[in-house]
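Visitor: Dropping a prediction and its sequence here:
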Amino acid sequence: MAKRILSFTAILWMAFYLSQCAHPVMPSGGEKDITPPRILYSTPPNGSANFKGNRFTLNTSEYVVLKNVMEAALISPPMKKFPDFSTRGKSIQVKFNEELKPNTTYSVYFGDAIADLTETNPLLNYSYIFSTGTYVDSLSLYGTVQNAQNLLPEEQVFVMLYKDDNDTIPLDSLPFFVPPYYVSKSDASGKFSLNGLAEDRYLIFALKDQNANFIFDQPGEEIAYLDSLVHPYYDNTLLFKKDIIIIDSIIDLQIDTAQARLDSIYQDSVYNAKFRGLTLLMFMQYDSTQRLLKAELSRRNTIMFSFSQPAEGVDIIPLNFNPDTLWRLEVFSAKKDTVTWYLKTLPIDTLEVLIKNLDDTLGLVSLRLDPDKTTGRARQNKKKNPTMEYLEWTSNIKAGNLMPNKKPEISFLQPMVSCITDSAYLVAGTDTIANPPFIYIDSIHQSVRFPMEISDEFRYKIYYPDSSFIDWNGFFNKEISLSFTPRPLKEYGVFTFGLHPEYRQSYILQMLTVKEVVVKQIEFTGDTTVVLEFLTPGKYLFKVIFDNNQNHQWDAGHFGARRQPEEVIYFDKEIDIRANWEIEEEWEW
């Protein structure tokens, strides 16, 4: 009996071993397959005229999958009902769910939806084109979509063409009301192509569509357009060969940008002798409607009101508190779109305000004035163990360093009403100065500056004991001790930049980090030389804004007013600032 059990067990183990040996597995080693699938042929053939029925089939070189086809695929002209896409073996079937228009060329663009089954390598930018009429429209348009402010490519943007064939809506108003006649989408490099176009002149319009209806009807949708109508052309790189559309130009053609960008920020400009690609500059349209964006207690006794537009004409009306004595100070931000209220400590828990712009009510806001107010047991514990609150402050002295050509400053978070300086002192090297002089640098006495002579040969210390500065609510500072050493000038670089525009107008030169953070900004109107001193070593970009309306900032466009965004150009070199080094460059445009 024991032998039978042992023999049976041995048979089971052998069967298990053989089954594992017979189980197919992916062979290890070798290079990864990066080849995308190919379309061998289609039924009906790609580029067919007199298309009948409601479906077509693509036969592929290997097993494929469809990825995010609802988002990737586009049909021109657009259809109300999206087609059905499916795979079967080494083929893709597309079935239309509405009747096709007569004498019309259709384009089904797959984007990156077709990929092989094993490695999901995508077949990029494949299009199937057919006509229900006697001929296939064969004209094309190519181009790129770029961000108007930084010239970087914009992907997943609908690029749309409109015909002037609407009896009731003017051509330049069609993007507001009706879907386009042709549509494409930009890829990761911002490139787009529109193929199978009829001979005509079109309005071209790009849209980041937030509600997927192909209509510019949302205030947050970014757009781009050209001032003139566009005319497609015949592209002999778009060929029908063995049922395959080969679109070499969208893969290889480098579109001429407004300015080359280096190291993924810049790209080379290449001119196609036959056709210069279109460049669409995308922007968020300026919204002239005044809106209250936010009203909040940013910290104790400080309320901030943020608006979509400059707020000089906005009325902020207290409803439940308005004594005869001064209880608030109002300060506008540099762009006038933020209003800050500095409050006296008020005898109320909640302040209610009505916010109006002319006859429009922007908001009715209820603001709790105690940011730390609690209830129940937590409130009782707070009363038993109150936390001492002090006057907060900041300084332009960072990590013990003061930038060259700067004076030490201290900024408090509330207006000052009193300063007791009997015990304050300044140490400069080996010298000690009692009660160092300072000046207020703002109208509400919030910031002070010390107008002292500074040498990088000395180490400095500014000292104020606690209770030296007292704000208008009676809060006072903790001890202030600021020690710093000015960085030697040899640790900075100098950049001399000759600027030579062809035309005189208002320009803004911006010095940027590689992450597009503005370091310096200078305005000029014509041929000039700019000397930038005390520059921290590092790599920088330079951009010029064409400040057409002379408002000292870059402005977006407006489609309704037919105003393009203000032009920007980038210097074609990345400038490497080095310590104790002076660099000179010239820029002509």
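Guide: Right, received. Where do you want to start?

Visitor: May I have the residues that are in contact with the residue nearest the centre of the chain?
Guide: For the chain, residue 147 is the residue whose C-alpha lies nearest the centre (CA atoms, centre = their mean; 8.3 Å). Taking CB atoms under 8 Å, 6 or more residues apart in numbering, we find residue 147 in contact with 153-154, 281-283. For glycine as for every other residue, the C-beta is placed from the backbone atoms N, C-alpha and C.

Visitor: is it possible to export those residues to TSV including distance to residue 584 and neighbour count?
Guide: TSV is the format used below for the contacts of residue 147 (distance: CB to CB, whole Å; neighbours: other CB atoms under 10 Å):
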residue	distance to residue 584	neighbour count
153	32	20
154	35	22
281	31	25
282	35	25
283	34	21
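
Visitor: Tell me, please, the helix or strand in this protein that averages the lowest pLDDT.
Guide: The helix or strand with the lowest mean pLDDT-type score in the chain, counting by mean pLDDT, DSSP states H and E, is helix 248-252 (a mean of 33).

Visitor: Walking through this structure, point out its helices one by one.
Guide: Here the chain has its helices, by DSSP state H, at 2-22, 69-72, 174-177, 248-252, 376-384.

Visitor: related to what we said a few turns ago, would you mind measuring from the residue nearest to the centre of the chain to residue 554?
Guide: Using CB to CB, to the nearest Å, residue 147 is found at 11 Å from residue 554.

Visitor: cool, and residue 101?
Guide: Applying CB to CB to residue 101 and residue 554 gives a distance of 43 Å.

Visitor: same question, residue 151
Guide: According to CB to CB, residue 151 and residue 554 sit 12 Å apart.

Visitor: Please apply the same query to residue 199.
Guide: Remark: distance between residue 199 and residue 554 (CB to CB) = 38 Å.

Visitor: Compare neighbour counts for residue 101 and residue 554 and give me the winner.
Guide: Taking other CB atoms under 10 Å, residue 101 and residue 554 do not tie; residue 554 has more neighbours (19 against 12).

Visitor: Excluding sequence neighbours, find me the nearest residue to that one.
Guide: Closest residue to residue 554 apart from its sequence neighbours, by CB to CB, 6 or more residues apart in numbering: residue 545 at 4.9 Å.

Visitor: Quickly note the distance from the one you found to residue 562.
Guide: From residue 545 to residue 562 the distance is 20 Å (CB to CB).

Visitor: Please say which of the two ends up with more neighbours.
Guide: Neighbours per residue (other CB under 10 Å) separate residue 545 from residue 562, with residue 545 holding more: 21 against 10.

Visitor: and the more buried one, what does it touch?
Guide: 507-508, 510, 553-554, 566-568.

Visitor: Just the ones of those in strands?
Guide: Taking DSSP state E as the definition of strands, those contribute 507-508, 510, 568.

Visitor: Please report the distance of residue 165 from residue 294.
Guide: Distance of residue 165 to residue 294, computed by CB to CB: 45 Å.

Visitor: higher neighbour count, the two?
Guide: Between residue 165 and residue 294, counting by other CB under 10 Å, residue 294 is the more crowded of the two (12 against 9).

Visitor: and the nearest residue to that one once chain neighbours are set aside, how many neighbours?
Guide: Of all residues not flanking residue 294 in the chain, residue 306 sits nearest, at 4.4 Å (CB to CB, 6+ apart). Counted with other CB under 10 Å, the neighbours of residue 306 add up to 16.

Visitor: ditto for the one 5 residues further on
Guide: Neighbour count of residue 311, defined by other CB under 10 Å: 23.

Visitor: what's near enough to touch residue 429?
Guide: Taking CB under 8 Å, 6+ apart, we find residue 429 in contact with 457-460.

Visitor: Pull out the buried members of those.
Guide: Among the contacts of residue 429, the ones that count as buried by 16 or more other CB atoms under 10 Å are residue 460.

Visitor: show me where the stretch 251-400 of the chain has strands.
Guide: 278-284, 292-299, 302-307, 314-318, 328-332, 338-343, 350-357, 360-368, 393-395 (DSSP state E, counting those that start in this stretch).

Visitor: Same question for the stretch 101-250 of the chain.
Guide: Counting by DSSP E, counting those that start in this stretch, the strands of the stretch 101-250 of the chain are 105-109, 114-116, 122-123, 127-131, 139-147, 158-162, 182-185, 191-197, 203-207, 222-225, 233-234, 238-241, 244-247.

Visitor: Now tabulate these in a markdown table and tack on distance to residue 488 and mean pLDDT.
Guide: Listed next are the strands of the stretch 101-250 of the chain as a markdown table, based on distance: least, CB to CB, whole Å; pLDDT from 0 to 100:
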| stretch | distance to residue 488 | mean pLDDT |
| --- | --- | --- |
| strand 105-109 | 60 | 91 |
| strand 114-116 | 58 | 93 |
| strand 122-123 | 55 | 90 |
| strand 127-131 | 63 | 93 |
| strand 139-147 | 40 | 94 |
| strand 158-162 | 54 | 94 |
| strand 182-185 | 54 | 89 |
| strand 191-197 | 49 | 90 |
| strand 203-207 | 51 | 97 |
| strand 222-225 | 46 | 97 |
| strand 233-234 | 61 | 86 |
| strand 238-241 | 63 | 47 |
| strand 244-247 | 59 | 38 |
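
Visitor: now the residue lying closest to residue 489 once chain neighbours are set aside: how far from residue 503?
Guide: Once flanking residues are discounted, residue 489 sits nearest to residue 404: 6.0 Å by CB to CB, 6+ apart. As for residue 404, its distance to residue 503 is 35 Å (criterion: CB to CB).

Visitor: now residue 442
Guide: 39 Å.

Visitor: Please tell me how far residue 64 sits from residue 211.
Guide: Here the criterion is CB to CB. By it, residue 64 lies 31 Å from residue 211.

Visitor: sorry, back to before: what sits opposite the residue nearest to residue 554 in the beta ladder?
Guide: For residue 545, the beta-bridge partners under DSSP bridges are residue 508, residue 568.

Visitor: do residue 476 as well
Guide: On the basis of DSSP bridges, residue 476 is bridged to residue 470.

Visitor: Make sure it is actually in contact with residue 466.
Guide: Yes: between residue 476 and residue 466 there is a contact under CB atoms under 8 Å: 6.6 Å.
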